[in-house]
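Asks: The sequence and its predicted three-dimensional model are supplied below.
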Amino acid sequence: MTSTHYDAIVIGGGAAGLSAAQALGRSLRRTLVIDAGAPRNRFAARMHNVLGHDGIPPLELLERGRAEARGYGVEFASGTVVAVRELADESGLCVDFRGSTPSESEHAGSAESATVAAETAETAGTATVTAGILIVATGVSDTLPDVPGLAEYWGSSVLHCPYCHGWEVRGSRLAVLATSPMSLHQATLIRQWSEQFTVFSAEIGELDPAVAEALRARGTAIVPDPVIEVLGDGERVTGVRTADGVEHPIDAIFTMGTLTAHDGFLSQLQLDRTDMPFGSFLAVDAAGRTSHPRIWAIGNIANPMATVPIAMGAGAMAGGAANFVLVEDDVAAALGAVRAA
Ligand SMILES: Cc1cc2nc3c(=O)[nH]c(=O)nc-3n(C[C@H](O)[C@H](O)[C@H](O)COP(=O)(O)OP(=O)(O)OC[C@H]3O[C@@H](n4cnc5c(N)ncnc54)[C@H](O)[C@@H]3O)c2cc1C
């Protein structure tokens with residue numbers, strides 16, 4: 001049976017994780033990517049502001065990334081990691097995951113991956129693998145405001161990032177659906193993409209007079225009545241209805257959901273965290289290393305603001321940094337062998 005010990009395990013196969021896996025594969029490290037297959041931007045048909053890949057479907061980038069990583073020997077398993085534990089001698093980490101056999105064969109490109117799949121089945125859906133270093137790239141989930149019709153258009157004409165989708169809706173009737181004081185930043189920003197711009201402010205109450213004055217100075221309409229429904233034609237938003245019964249024609253809505261970081265499986269390790277405006281996230285250094293010397297956290301899991309190219313950059317950085325820790329292990333092992341001889 002093929003060993004289930006890897007040099008590196010990458011949890012999460014989005015832009016960040018695949019980028020790290022590619023760096024590790026190219027460093028001749030035996031690397032396993034475990035991925036649940038639900039990247040954050042899967043709701044969008046096209047991806048933008050990603051140099052060299054502008055306008056391609058987000059899943060196409062990941063398919064290309066998986067193929068490239070496989071070319072460097074990286075192995076893949078489909079599944080959801082449920083727990084990470086320290087190996088007894090602190091030389092690495094132990095990862096438990098629940099696999100889903102059908103998509104494992106879709107992702108699998110090697111005998112080793114098939115072995116992981118088989119072991120998953122043998123143990124009634126739970127497999128355990130170990131590695132010297134761990135890269136966590138499991139991203140976040142967006143929970144949208146509970147307004148009927150809103151979620152239906154998430155990624156098409158309900159948006160959060162103007163750098164990703166602002167150009168596509170430029171000059172049209174845009175709105176910000178405020179959800180928290182953070183939305184004031186969005187309210188100031190989105191006006192850049194259209195002069196036809198409305199802020200629905202009910203969720204954050206009466207605006208500070210100076211803020212309201214600044215918005216109005218740029219021609220922004222402020223509607224304080226709560227939005228009770230998002231209207232659409234099945235493909236795109238066409239307007240919103242407010243509690244006073246008025247229908248406001250709108251072509252695209254920018255809003256911010258609540259973010260949930262997919263890091264519960266790390267809880268036993270009690271890694272340091274940091275508070276951000278979006279909530280509590282894993283604390284990392286400039287290379288993405290957490291408070292554990294063998295665990296990196298990259299992409300949205302540690303930086304909720306990261307877009308695809310930022311996540312990819314973090315992956316390349318962490319892959320290189322993690323490889324150096326493995327090099328240090330190799331040096332220590334070689335010295336130990338020489339001194340023992
Ligand atoms: C609607 C929308 C549109 C967007 N459009 C753009 C755009 O046009 N351009 C741009 O640059 N950015 C865009 N973004 C932002 C982009 O989605 C993120 O920057 C990017 O997904 C971050 O990559 P990541 O690798 O950190 O996380 P993800 O891409 O979310 O990948 C995380 C992966 O980890 C997996 N995972 C989660 N938990 C587990 C677990 N326990 N075990 C195993 N696997 C797990 C997930 O299933 C997923 O496959 C958009 C975001 C949204 C919401």
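Replies: Right, received. Where do you want to start?

Asks: ok, now which ones touch I11?
Replies: By CB atoms under 8 Å, 6 or more residues apart in numbering, the residues touching I11 are G17, I34, D35, V81, V84, V95, L134, I135, V136, A137, T138, F265. In short, each C-beta sits where N, CA and C put it, glycine included.

Asks: ok, and which of the residues you listed reach the ligand?
Replies: Among these, the ones lying near the ligand by CB under 6 Å from any ligand atom are G17, I34, D35, V81, A137, T138, F265.

Asks: The second one pairs with what?
Replies: In this structure, I34 has beta-bridge partners I11, A77, where bridges are defined by DSSP bridges.

Asks: what's the pLDDT at it?
Replies: Confidence at I34, expressed as pLDDT, is 97.

Asks: mind checking how far it is from E75?
Replies: If you measure I34 against E75 using CB to CB, to the nearest Å, the figure is 10 Å.

Asks: and the chain, which residues reach the ligand?
Replies: Residues of the chain lying close to the ligand (CB under 6 Å from any ligand atom) are 11-17, 34-41, 43-44, 47-50, 80-81, 137-139, 142, 154-155, 161, 164, 262, 265, 299-300, 306-309, 311.

Asks: What subset of these is buried?
Replies: Taking 16 or more other CB atoms under 10 Å as the criterion, what is buried in the residues of the chain next to the ligand is 11-17, 34-37, 39-41, 44, 47-50, 80-81, 137-139, 142, 154-155, 161, 164, 262, 265, 299-300, 306-308, 311.

Asks: got the CA positions of stretch 36-48 in CSV?
Replies: The C-alpha coordinates for stretch 36-48 follow below in CSV (Å, rounded to 0.1, in the frame of the first residue of the first chain):
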residue,chain,number,x,y,z
ALA,A,36,-14.2,20.1,-1.0
GLY,A,37,-14.7,21.6,-4.4
ALA,A,38,-16.7,24.7,-3.6
PRO,A,39,-14.6,27.8,-4.3
ARG,A,40,-16.1,31.1,-3.1
ASN,A,41,-16.4,32.6,-6.6
ARG,A,42,-18.3,29.6,-8.2
PHE,A,43,-21.4,31.8,-8.4
ALA,A,44,-19.9,34.1,-11.0
ALA,A,45,-19.8,33.2,-14.7
ARG,A,46,-16.7,35.3,-15.4
MET,A,47,-13.6,36.3,-13.4
HIS,A,48,-12.0,39.7,-13.8
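
Asks: Figure out how far that stretch is from the centre of its chain.
Replies: 9 Å (CA atoms, centre = their mean, to the nearest Å).
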